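> just need the structure, nothing else, for what follows:
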Amino acid sequence: MGKNLKPLWPYLSKYRVTLFWGAITVLFNNGLWVLWPQVVRRAVDDLNHNGITHQKILIFAALLVGLALGKGVFQFLTRWLVIGVSREIEYDLRNDMFRHLESLSYSYYQKNRTGDIMARATNDLNAVRMLLGPAIMYTANTLVFTAVALVFMWHISHKLTLYAFAPLPIASIVVQYIGRRIHERFEKIQAQFSDISARAQENFSGARVVRAYAQEEPEIALFETSNQEYVTRSLPLARLTGMLWPSLELLLGFALVLVLWLGGQEVLLHKISLGDFVAFNTYIMMLTWPIIALGWVINLFQRGTASMGRINEILVARSEITDAEVAADLKAASTLHGEIEFRHLDFSYDGVPVLRGVNLTIPAGSSLAIVGPTGSGKTTLVNLLPRIYDAPPGSLLIDGRPIREYPLETLRQNIGFVPQETFLFSDSVRENIAFGVETSTDDQVQRAAAAANIATDIEGFPEGYETMVGERGITLSGGQKQRSAIARAIIRDPRILVLDDALSSVDTYTEETILNHLREVMRDRTTIFISHRVSTVRNADRIAVLHEGRVVELGTHEELLARNGYYTDLYNKQLLEEELARV
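Okay, here's the model as predicted:
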């Protein structure tokens, strides 16, 4: 458990001054409250021996009211400071967690479900906050009040104090036993909560697919099964928590009965005064809530440590793609020329070869089209350029330097990448196009939209460029989403432009229009585009045919047709399809 909480020390250290003042308020809060029974003791003895007068009643009443007011002030300050620190740490931890998640490589998100990550960033983080706020505050109050009360109780009667605290060893065993099981079961509950979150997230994201296949009822049934498992795991924890508080109350009640029985005899034998007896029992009653709160604190502590362990699994994860030590000129460089070279490139996914011996040189400012059957490694090849995956050392160079020598920020700022699966944010069309270019003007956004042949469509939207596109661009057609993504890449004015089958969702006429616009954009910048259509690639400076991870053909459109190979077969097949479509 201590290992789970170790990552929190830097956060606690940051607010050590506030926590120090919080500790001071805890001392004053409990220091005043522990005097309450002493005033009651003096009042009972004085009134019992010297008689009751209005003046005495007013004096003792004023003292009690003053103590209550003082306690109220310091209790407010304690909550303000300690609970406030827990909120500040929650804020810092959430920011650090999000920042760390943003730094992790793409492969991390392939291995971990979004719903699980969301559960850790919300539910688990809240459990940690409860540990840092209420758990710390109530623990401090309990320890301070019990320690000071014990001194006064010991002063009144050694024997009664020993009897009053006799059940504590049993209580510690109960707390240790139940606390350990709370920790174990809460970890299982949170893991199941992550499963529920992941299933809900996938269903909401894939709502159209679920409805298209009429799978609403099966998905509801699966969710109910997961939810029932969550309840099944939660009930034993509820039983444990339910056992903890009554167990502590029972032990405290047993102690109170002992004190009443034995203390009453002490009063009758005149070994202690009536005021001492009343004060001692008042201390016992005042210790009731701190001890009961201890059960709640243990619950919070076990939940918090389990949740912090789950959060820490994210924080200790390291990105597979990192910056290496680079030369000063590369750190200072803001742009690249754009020459790309693949040199004897081999690449595998989890030991499965995808690319084999790829040798390609793409001069700066030229265009290369890549064609090939599904699964031939086209997307993998271009994903190596922005280092979504890392190519083997020395096998991929830009401007004659190994790609790993460039800072990631510099490298990615110079690459405009349109992935195969278009993703738009739940924001306006303008913000989606301007994504990544904070200083973009309306004129730049409109010119990028025009180059991607999406400007006319946008101007026809109800609110133009301020139209909200919905989650993942759900309100746009597939072609509109792709063209918006192309505009987003163009506005960056990159030295290297990569289009990974970025025109697959548009018709041939629209494709030709976009390509005509892009030819001006592609001038003097290195462009790589992947497509299954010959009409898309025929005007590229060179065309590479990829098959089973190897470059099997390379040349211009005319050169490849003359070879009568795979490219020719693809060309003839598409000509036949067009003729059949016309018929």
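
> which residues does V354 contact?
By Cβ atoms under 8 Å, 6 or more residues apart in numbering, the contact list for V354 reads F347, S348, G377, T380, G549. For glycine as for every other residue, the C-beta is placed from the backbone atoms N, C-alpha and C.

> do the same with V128
V128 makes contacts with L8, E90, L93, G304, S307, M308, I311, as judged by Cβ under 8 Å, 6+ apart.

> all helices for the stretch 351-500 of the chain, in order.
According to DSSP state H, counting those that start in this stretch, the stretch 351-500 of the chain carries its helices in the segments 378-383, 408-413, 429-433, 442-451, 455-459, 478-490.

> packing partners of the last one?
Spelled out, it's helix 478-490. strand 415-418, helix 429-433, helix 442-451, strand 496-500, helix 508-522 (3 or more Cβ pairs under 8 Å, 6 or more residues apart in numbering; DSSP states H and E).

> run the last query once more with 10 Å
Applying 3 or more Cβ pairs under 10 Å, 6 or more residues apart in numbering; DSSP states H and E, one finds that helix 478-490 contacts strand 415-418, helix 429-433, helix 442-451, helix 455-459, strand 496-500, helix 508-522.

> number of residues surrounding Q480?
For Q480, the neighbour count with other Cβ atoms under 10 Å is 22.

> which pLDDT value belongs to the nearest residue to it once chain neighbours are set aside?
Leaving aside its sequence neighbours, Q480 sits nearest to D457 (Cβ to Cβ, 6 or more residues apart in numbering; 5.8 Å). At D457, the pLDDT value in this model is 84.

> need phi/psi at R343.
Main-chain torsions, R343, degrees, to the nearest 10: phi -120, psi 110.

> and it, how far from G242?
Distance, R343 to G242, by Cβ to Cβ, to the nearest Å: 67 Å.

> more crowded one of those two?
Using other Cβ under 10 Å as the criterion, R343 and G242 rank with R343 on top: 16 against 10.

> list the contacts for the closest residue to that one other than its chain neighbours?
Of all residues not flanking R343 in the chain, S395 sits nearest, at 5.4 Å (Cβ to Cβ, 6+ apart). By Cβ atoms under 10 Å, 6 or more residues apart in numbering, S395 lies in contact with 341-347, 355, 357-359, 384, 402-403.

> neighbour-wise, give me the winner out of these.
In terms of neighbours by other Cβ under 10 Å, these top out with L355 at 25 neighbours.

> what residues of whatever helix or strand S194 lives in count as buried?
Element membership of S194 [criterion: DSSP states H and E] is helix 168-205. Buried residues in helix 168-205, counted by 16 or more other Cβ atoms under 10 Å: 171, 174-175, 178-179, 182-183, 185-190, 192-203.

> show me what that helix packs onto, helices and strands only.
Under the contact definition 3+ Cβ pairs under 10 Å, 6+ apart, helix 168-205 sits against helix 114-119, helix 207-212, helix 216-268, helix 288-315.

> columns distance to L35 and mean pLDDT on top of the ones you listed, output as a markdown table?
What follows is the helices and strands packed on helix 168-205, written out as a markdown table (distance: least, Cβ to Cβ, whole Å; pLDDT from 0 to 100):
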| stretch | distance to L35 | mean pLDDT |
| --- | --- | --- |
| helix 114-119 | 47 | 80 |
| helix 207-212 | 63 | 68 |
| helix 216-268 | 20 | 79 |
| helix 288-315 | 16 | 80 |
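
> got those helices as CSV, with distance to A369 columns?
Output for the helices and strands packed on helix 168-205, formatted as CSV (distance: least, Cβ to Cβ, whole Å):
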stretch, distance to A369
helix 114-119, 34
helix 207-212, 32
helix 216-268, 41
helix 288-315, 40
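
> which of those sits most buried?
Among the helices and strands packed on helix 168-205, ranked by average contacts under mean count of other Cβ atoms under 10 Å, first place goes to helix 288-315 (a mean of 20).

> what's the closest non-adjacent residue to A43?
Nearest non-adjacent residue to A43, counting by Cβ to Cβ, 6+ apart: F60, 4.2 Å away.
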